[in-house]
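K.L.:
everything below, folded, please.
(chains A and B)
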Amino acid sequence: MAETDSTPTHFIREIMLADKASGKHGGRVHTRFPPEPNGYLHVGHAKSIHINFGLAEEFGGKCNLRFDDTNPSKEEQEYVDAIIEDVKWLGGDFGNRIFYASDYFQQIYDWAVDLIKKGKAYVCDLTSEQVRETRGTLTDAGTNSPYRDRSVEENLDLFTRMKNGEFPDGSRTLRAKIDMASPNLNMRDPVMYRILRAEHHRTGNDWCIYPMYDWAHGQCDSIEGITHSICTLEFEDHRPLYDWFVENLGIFHPQQIEFDRLNLTYTVMSKRKLLKLVQDGLVQGWDDPRMPTLSGMRRRGYSPQGLRNFARNLGVGKTNGITEFEKLEYYIREDLNKTALRVMTVLKPLKLVLTNYPEGQVEQLEAINNPEDPSAGKRTVPFSRELWIEQDDFREVPPKGYHRLYPGNEARLRYGYIIKCNDVIKDPVTGEVTEIHCTYDAATRSGGESRKVKSTIHWVSAAQAVPVQVNLYDKLFNVENPNVTPEGQDFTVHLNPNSLTTVQAWAEPDLAKAKPGDRYQFERLAYFCADKTSTPEKLVFNRTVELRDTWAKVQKKG
RNA sequence: UGGGAGGUCGUCUAAUGGUAAGACUGCAGACUCUGGAUCUGCGUAUCGGGGUUCGAGUCCCUGCCUCCCAGCCA
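P.N.:
Numbers count the residues shown, from 1 in each chain, chains lettered A, B, ... in the order given. Next up is the predicted model:
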């Protein structure tokens, strides 16, 4: 995961550098990546993974993968499995250090007893509504719970009975005794445990009380000897509570550090919203290639290296911003350009006949697999009298600046010959162009003598072409920030109805050997990735990201 | 209106009292058997007002704006 080139430093690295210099924690750096298994990981997590695993590696430390599984009503094993796969795929090295908050339930319980004995926690009989009512407001102090001053003995007894299942769900809580007048609402006697009878994906029905995030997280960090507990900005207000717990317990004190989460234009990043897209069938699952999930991006063809480069170049700060989607695409293209094999595929076919080319003749032309990487080698492409070319590469009436094929004009067939367009065949009824007739110049075969022509187009020999189903993906949303919605409507109103178009295409025969997950560049078009459902009998490709298209830009401007 | 955190090109990030820099985007051009890639050039920024200082994006005061917090979610 180490990156070689220089990137600007950031405040978290500075903190670690300072801690190392001062000998804090013996100069040790140990981080953790703590997802809740209630959904799939998304690009935002890629940033967090990069920070936590990257910094640990950089400082010669470790980063644990820890599941924050303190709420069994939302968490599932499916998510655990998917998260592990995604972190590995991105290159996060957690060795055998997969931990769960639930591993520590007993210890956390014992510590709660500790706090009760110290008079710093109490069992509260208020209902959740009453707790809310007595919490006060942003401007007014809360009021003490009438159960706040129970004796240690009574608290111990009640808490034991809570654990033993003597009380119904929601009837009681264990709360920290801090300060109901604190301007920080998190300090107004926060709930530590709630009674909740739900089967836990790991502990089954062993427990009917579960610790809240605030009561569990820092303690888990402490148990694992985490030195720097990195989380997102919304937890800044929780830091005093985080500190209060470890201090009052007198246990190892990790430092919580907050950074700004990633936001991307044209995408939603909240797990709640992503879940809705999946549950409402608005996409075809968590790994739908249009999803900003890591599994969706993987299926779409994004490479781990491209994602890492992106994450590294984001920087780490504390400002709430929104990164342009184009930046992500840039780093994906940059990596794919270096690694993806080139191949010719025609998405919108138009028949082209070389009238002076011998019928039945087939030549094998040599083509370069990746001009950016000589070690990728070469392949051959069959060439014959009848070809498919892209509809966009022919215009009966060329617009200004167009220098592909049009009547009377010459163009080169990639890796083949220079051809000249002579005739246009149209459907007598519709007037639609059905075929174009050209002649080829036998002296101009690729590699031999040449003369300048203004454009080179891709093609596929009709007789040898293999059919491919191609999924053309576009942005899932059609506005920069789908979270901003008109009154009474939700983010789904911004769904792009054209985010998926499927076409049948013709590809050169070499593509038939593609395995699911293989990434290619269909020359002059875009990068594509063989879908997980693709087989040699039925090839399916997903468009990852388009090539930059200068001509399209020129046209758009008119 | 309490508390917390922020505000530098269109976007993201640097500059740690000393020439406001880079990346993405945009625009223009070169090159090209991918209108790809590559290369070159151009453009736009310190939230406002005071102050300290030889010198302020940075320090002080003051105002403004944005985000987060009133789950027995994380």
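
K.L.:
just to be sure, A:V381 is in a strand?
P.N.:
Yes - the assignment for A:V381 (DSSP: H, G, I helix; E, B strand; the rest coil) places it in a strand.

K.L.:
let me see the contact set for it.
P.N.:
Residues near A:V381 by Cβ atoms under 8 Å, 6 or more residues apart in numbering: A:344, A:364-367, A:415, A:461, A:508, A:510. In this view, the C-beta of every residue, glycine as well, is placed from N, C-alpha and C.

K.L.:
just for the stretch 1-150 of chain A, where's the confidence low?
P.N.:
Applying pLDDT under 70 to the stretch 1-150 of chain A picks out residues A:1-7.

K.L.:
just the strands in the stretch 351-500 of chain A please.
P.N.:
For the stretch 351-500 of chain A, the strands defined by DSSP state E, counting those that start in this stretch cover A:363-368, A:378-383, A:386-390, A:410-413, A:418-426, A:433-441, A:456-457, A:459-461, A:466-473, A:500-507.

K.L.:
could you export the last one as PDB, CA atoms only?
P.N.:
Pointing back at strand A:500-507 there. Written as PDB, here are the backbone C-alpha positions of strand A:500-507 (Å, rounded to 0.1, in the frame of the first residue of the first chain):
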ATOM      1  CA  LEU A 500     -27.800   2.200 -17.800                       C
ATOM      2  CA  THR A 501     -28.100   1.500 -21.600                       C
ATOM      3  CA  THR A 502     -27.400  -1.900 -22.900                       C
ATOM      4  CA  VAL A 503     -26.200  -2.500 -26.500                       C
ATOM      5  CA  GLN A 504     -25.200  -5.500 -28.500                       C
ATOM      6  CA  ALA A 505     -21.700  -4.900 -30.000                       C
ATOM      7  CA  TRP A 506     -19.200  -6.700 -32.200                       C
ATOM      8  CA  ALA A 507     -15.800  -7.400 -30.900                       C
END
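
K.L.:
quick one: it to strand A:466-473, angle?
P.N.:
Note on geometry: by axes from the mean of the first three to the mean of the last three Cα atoms, to 10 degrees, strand A:500-507 and strand A:466-473 are set 150 degrees apart in direction.

K.L.:
buried stuff in strand A:500-507?
P.N.:
Using 16 or more other Cβ atoms under 10 Å as the test for burial, strand A:500-507 gives A:500, A:505-507.

K.L.:
considering only those, which also neighbour RNA strand B?
P.N.:
When Cβ under 7 Å from any atom of the strand is applied, no member of the buried residues of strand A:500-507 is adjacent to RNA strand B.

K.L.:
now, which of the contacts of A:V381 sits nearest RNA strand B?
P.N.:
A:Y415 (5.1 Å; Cβ to the nearest atom of the strand).

K.L.:
ok so, going back, by neighbours, which of the contacts of A:V381 wins?
P.N.:
A:M344 (27 neighbours; other Cβ atoms under 10 Å).

K.L.:
just to check, that residue is in contact with A:A505?
P.N.:
No - if you go by Cβ atoms under 8 Å, A:M344 and A:A505 don't touch, sitting 10.6 Å apart.

K.L.:
shared neighbours of those two, which are they?
P.N.:
Taking Cβ under 8 Å, 6+ apart as the contact rule, A:M344 and A:A505 touch no residue in common.

K.L.:
near RNA strand B, which residues of the stretch 201-350 of chain A show up?
P.N.:
So the stretch 201-350 of chain A meets RNA strand B at A:210, A:212-214, A:217, A:233-238, A:260, A:313-324, A:326-327, A:330, A:333-334, A:337, A:342 (Cβ under 7 Å from any atom of the strand).

K.L.:
can you pull out the helices in the stretch 251-400 of chain A?
P.N.:
Taking DSSP state H, counting those that start in this stretch as the criterion, the stretch 251-400 of chain A carries its helices at A:271-279, A:294-300, A:304-314, A:325-339.

K.L.:
for the second one, C-alpha coordinates in PDB please.
P.N.:
Put plainly, it is helix A:294-300. C-alpha atoms of helix A:294-300 as PDB (Å, rounded to 0.1, in the frame of the first residue of the first chain):
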ATOM      1  CA  LEU A 294     -16.300  -0.700  -3.400                       C
ATOM      2  CA  SER A 295     -18.000  -3.800  -4.700                       C
ATOM      3  CA  GLY A 296     -19.900  -1.800  -7.300                       C
ATOM      4  CA  MET A 297     -16.800   0.000  -8.400                       C
ATOM      5  CA  ARG A 298     -14.900  -3.300  -8.600                       C
ATOM      6  CA  ARG A 299     -17.600  -4.700 -10.800                       C
ATOM      7  CA  ARG A 300     -17.600  -1.500 -12.900                       C
END
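
K.L.:
tell me what it is packed against?
P.N.:
Helices and strands touching helix A:294-300, by 3 or more Cβ pairs under 8 Å, 6 or more residues apart in numbering; DSSP states H and E, are helix A:43-58, helix A:77-90, strand A:539-546.

K.L.:
what is the first one packed up against?
P.N.:
For helix A:43-58, the packing partners by 3+ Cβ pairs under 8 Å, 6+ apart come out as helix A:11-22, strand A:30-33, strand A:62-67, helix A:77-90, strand A:228-232, helix A:294-300, helix A:304-314.

K.L.:
could you export those as JSON lines, including mean neighbour count?
P.N.:
Listed next are the helices and strands packed on helix A:43-58 as JSON lines, based on neighbours: other Cβ atoms under 10 Å:
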{"stretch": "helix A:11-22", "mean neighbour count": "15"}
{"stretch": "strand A:30-33", "mean neighbour count": "25"}
{"stretch": "strand A:62-67", "mean neighbour count": "24"}
{"stretch": "helix A:77-90", "mean neighbour count": "18"}
{"stretch": "strand A:228-232", "mean neighbour count": "21"}
{"stretch": "helix A:294-300", "mean neighbour count": "25"}
{"stretch": "helix A:304-314", "mean neighbour count": "21"}
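
K.L.:
mind putting these in a markdown table, distance to A:R548 included?
P.N.:
A markdown table is the format used below for the helices and strands packed on helix A:43-58 (distance: least, Cβ to Cβ, whole Å):
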| stretch | distance to A:R548 |
| --- | --- |
| helix A:11-22 | 33 |
| strand A:30-33 | 34 |
| strand A:62-67 | 36 |
| helix A:77-90 | 26 |
| strand A:228-232 | 33 |
| helix A:294-300 | 18 |
| helix A:304-314 | 15 |
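
K.L.:
hang on, the earlier thing: pull out the buried residues from the residues of the stretch 201-350 of chain A next to RNA strand B.
P.N.:
Buried subset of these (neighbour count, 16+ other Cβ under 10 Å): A:210, A:212-214, A:217, A:235, A:238, A:260, A:314, A:316, A:323, A:330, A:333, A:337, A:342.
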